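Participant: structure of the sequence below:
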Amino acid sequence: MPLLTVEQLGKSYNTHTKVLRNVNFEVEAGEFVSIIGPSGAGKSTLLRCINRMVDIDEGAVIFNGADVGMLNKKELRTLRTDIGMVFQHYNLVPRLSVIENVLHGRFGYKTTLQGIMGRFTEAEKERAFYLLEKLGIAEHAYKRCNQLSGGQQQRVGIARALIQEPKIVLCDEPIASLDPKASTIIMDHLKSITVELGITCIVNLHQVEVARDYSDRIIGLREGQVVFDEMSYRLTEQRTDILYGTKSKPVTQVRELLTV
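Facilitator: Residues are numbered from 1 along each chain as shown. The predicted structure follows:
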């Protein structure tokens, strides 16, 4: 059984525009999948449907055997411990230290009181330091997050996701705000998460070359629909031009051109 199955997924924010329409794909455990497409294609909304940060209007998302759209609040909170999330703008608490931000990833395992009081076990603290060491920022553990560079803050965000011990990590434009050197460091770490830890990664990217270099598979979105779903080496320059450059063509025609 695939770790993730998306079936006939549809999402609208108003009555006039469908952000996602009839989206179908599967992801196996341990895959590294990039989602690409023009701005407004629905990439971020798709990720947020997987962990139900936004509600699903049509179809289904099946994660680890659970129908995400049918879960109650308590069930969804439990499920989200298996789904790490890395954000474009880090989503950290700037005034708190690096180690405190990482430990926030354990909130899904805590009662409300434990979370408010910041009660973490020694094992959790040791795990947090291990992850910071693995990501090369252990020396910054007690600095406030707003003292770090963008690339360092993104590594804190990755550590916060990993301390959840997730089965999958969703990354929404994780390198969009970073320079090329920092971007390479982040993508190297995300790839190692899949290779060394066996954690599935789905990454939204604007950078097609990066997607091709790091991914096992690439899913291309256009106007909220899947028009390309192939192994990464199949995304040639010609197909990239079709995906991004044929704005006047209808989605059905773009899909046909990409499958030739």
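Participant: quick one: pLDDT of the nearest residue to residue 65 once chain neighbours are set aside?
Facilitator: Nearest residue to residue 65 in three dimensions, chain neighbours excluded: residue 1, at 6.9 Å (CB to CB, 6 or more residues apart in numbering). Backbone N, C-alpha and C define where each C-beta goes, glycine included. We have a pLDDT of 86 for residue 1.
Participant: how about the helices in this protein?
Facilitator: Listed in chain order, the helices found in the chain under DSSP state H are 43-50, 73-80, 98-103, 112-117, 122-134, 150-162, 180-197, 208-214, 237-245, 251-258.
Participant: could I get these as JSON lines with distance to residue 8 and mean pLDDT?
Facilitator: Shown next, in JSON lines, are the helices of the chain (distance: least, CB to CB, whole Å; pLDDT from 0 to 100):
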{"stretch": "helix 43-50", "distance to residue 8": "12", "mean pLDDT": "96"}
{"stretch": "helix 73-80", "distance to residue 8": "20", "mean pLDDT": "93"}
{"stretch": "helix 98-103", "distance to residue 8": "37", "mean pLDDT": "95"}
{"stretch": "helix 112-117", "distance to residue 8": "36", "mean pLDDT": "64"}
{"stretch": "helix 122-134", "distance to residue 8": "37", "mean pLDDT": "94"}
{"stretch": "helix 150-162", "distance to residue 8": "28", "mean pLDDT": "96"}
{"stretch": "helix 180-197", "distance to residue 8": "27", "mean pLDDT": "95"}
{"stretch": "helix 208-214", "distance to residue 8": "25", "mean pLDDT": "96"}
{"stretch": "helix 237-245", "distance to residue 8": "22", "mean pLDDT": "89"}
{"stretch": "helix 251-258", "distance to residue 8": "16", "mean pLDDT": "84"}
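Participant: CSV please, covering these and showing distance to residue 5.
Facilitator: As requested, the helices of the chain are arranged in CSV below (distance: least, CB to CB, whole Å):
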stretch, distance to residue 5
helix 43-50, 11
helix 73-80, 14
helix 98-103, 31
helix 112-117, 32
helix 122-134, 29
helix 150-162, 22
helix 180-197, 19
helix 208-214, 22
helix 237-245, 24
helix 251-258, 20
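Participant: quick revisit: so the residue nearest to residue 65 makes contact with residue 63?
Facilitator: No. Using CB atoms under 8 Å, residue 1 makes no contact with residue 63, being 11.0 Å away.
Participant: who's more crowded, those two?
Facilitator: Higher neighbour count among residue 1 and residue 63: residue 63, with 23 against 9, using other CB atoms under 10 Å.
Participant: which residues does that one contact?
Facilitator: By CB atoms under 8 Å, 6 or more residues apart in numbering, the contact list for residue 63 reads 3, 4, 50, 79, 82, 83, 168.
Participant: same check, this time on residue 21
Facilitator: Contacts of residue 21 (CB under 8 Å, 6+ apart): 10, 223, 224, 225.
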